[in-house]
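> predicted model follows, preceded by the sequence.
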Amino acid sequence: MDERFLALQRLTRNRFHLVNMIKREKTYFLNSLFLKFSSLRQEKIFSNNFGATAMAVVEEFLSPDEIAAMPLEDLVSFLEQKSKNRLVDTEGIAKALQKAARSSYRLNKSLADPVNACLASSISVIKFLQSEVKKLDKLIEEHMKAIPQTLTSLKGIGPVYSAGILAEVGDVKRFKNHKALAKFSGLVWNEQQSGDWKAEDIKRVRSGNKYLRYYLVEAANLIRVHDREYAEFYRVKYDEAHTHKHKRALVLTARKLVRLVYALLRTNQLYIPRKRGG
């Protein structure tokens, strides 16, 4: 493999490693959060439990009792400050937060302090790992400048996910067609058919390049937001599914993306989205 791809691969695989560490730490954090503030863990008060505002609530209040006893206007002011006035309904969120605080079970003092310490530790680890990912992203972007490619012409994919794909594919000519590339990535399925009926929960083949598969799926999730064709394809697959709707639709969208990635790398042409007919 070209040394440029090998160098890029070191960075993108390390990024994959850090992202998975963040996922594991977030799971650990949520387990501790349930002990401290069970209703905050269970209810969708914040759109993101790892956002700055939600993190501030966990870090700065020692117990749900503090939130429940706090004057509403003070809690609203706290949320506005921590969110930098980005919350849509701050008072509504404050009321929901106090309701959740009142319904959460209380920890004994002997357990509360260790749980708070564990949460603070997890938050520090998550923030550190996220900062390391940002550093890697900058390095990846610099390395990408030296590699001619057209994947970044796909709106939304960006240099980092393009790099993750390029680093694993290398020379696309080693793949006979897009099906071979899909097989290499593990985006293929075992057929389970009976007449005209096909099982919805056909299992994806548990093999292939996990790094390439990760970057393809993440890229597909971004492209579907910016590209009408991929957005419509995702929606159709989402509506067809009865279980695991988002996951199933996203993986199938990633498989569709493989065909396009293969074509762009083979032809070295820029991507031009299809225009809406009529």
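Great, that's in hand.

> how about residues contacting stretch 57-72?
Identification of contacts with stretch 57-72 by Cβ atoms under 8 Å, 6 or more residues apart in numbering yields 33, 36-37, 39-40, 75, 78, 82, 91, 94-95, 97-98, 100-102, 104, 106-107, 112, 116, 119-120, 123. (C-beta placed from N, C-alpha, C; glycine too.)

> recalculate using a threshold of 6 Å.
Residues outside stretch 57-72 that contact it (Cβ atoms under 6 Å, 6 or more residues apart in numbering): 37, 94, 97-98, 101-102, 104, 119.

> what's the answer for stretch 112-125, then?
So stretch 112-125 is contacted by 25, 28-29, 32, 35-36, 58 (Cβ under 6 Å, 6+ apart).

> and what about the most centrally placed residue in the chain, helix, strand or coil?
For the chain, the residue sitting closest to the mean C-alpha position, by Cα atoms, centre = their mean, is residue 218 at 6.9 Å. Following DSSP: H, G, I helix; E, B strand; the rest coil, residue 218 is assigned to helix.

> please name the nearest non-neighbouring residue to it.
Using Cβ to Cβ, 6 or more residues apart in numbering and skipping residues adjacent in sequence, the residue nearest residue 218 is residue 161, 5.5 Å away.

> you'd agree the one you found is up against residue 217?
No - the pair residue 161 and residue 217 fails to qualify as a contact (Cβ atoms under 6 Å) at a distance of 9.7 Å.

> compare those two (neighbour count), which wins?
residue 161 (25 against 19; other Cβ atoms under 10 Å).

> any idea how far residue 169 is from the more buried one?
Noted for residue 161: a distance of 13 Å to residue 169, by Cβ to Cβ, to the nearest Å.

> the stretch 51-200 of the chain: helices as residue ranges?
Assigned by DSSP state H, counting those that start in this stretch, the helices in the stretch 51-200 of the chain fall at 52-60, 64-69, 72-83, 90-103, 109-144, 158-169, 178-185.

> ranking these by burial, who's on top?
Each of the helices of the stretch 51-200 of the chain was scored by mean neighbour count; the highest is helix 158-169, a mean of 24, by mean count of other Cβ atoms under 10 Å.

> packing partners for that helix?
helix 3-36, helix 109-144, helix 210-226 (3 or more Cβ pairs under 6 Å, 6 or more residues apart in numbering; DSSP states H and E).

> change it to 8 Å
helix 3-36, helix 109-144, helix 210-226, helix 245-267 (3 or more Cβ pairs under 8 Å, 6 or more residues apart in numbering; DSSP states H and E).

> dump those helices to TSV, plus distance to residue 232 and mean pLDDT.
Below are these laid out as TSV (distance: least, Cβ to Cβ, whole Å; pLDDT from 0 to 100):
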stretch	distance to residue 232	mean pLDDT
helix 3-36	28	94
helix 109-144	29	94
helix 210-226	9	96
helix 245-267	10	95
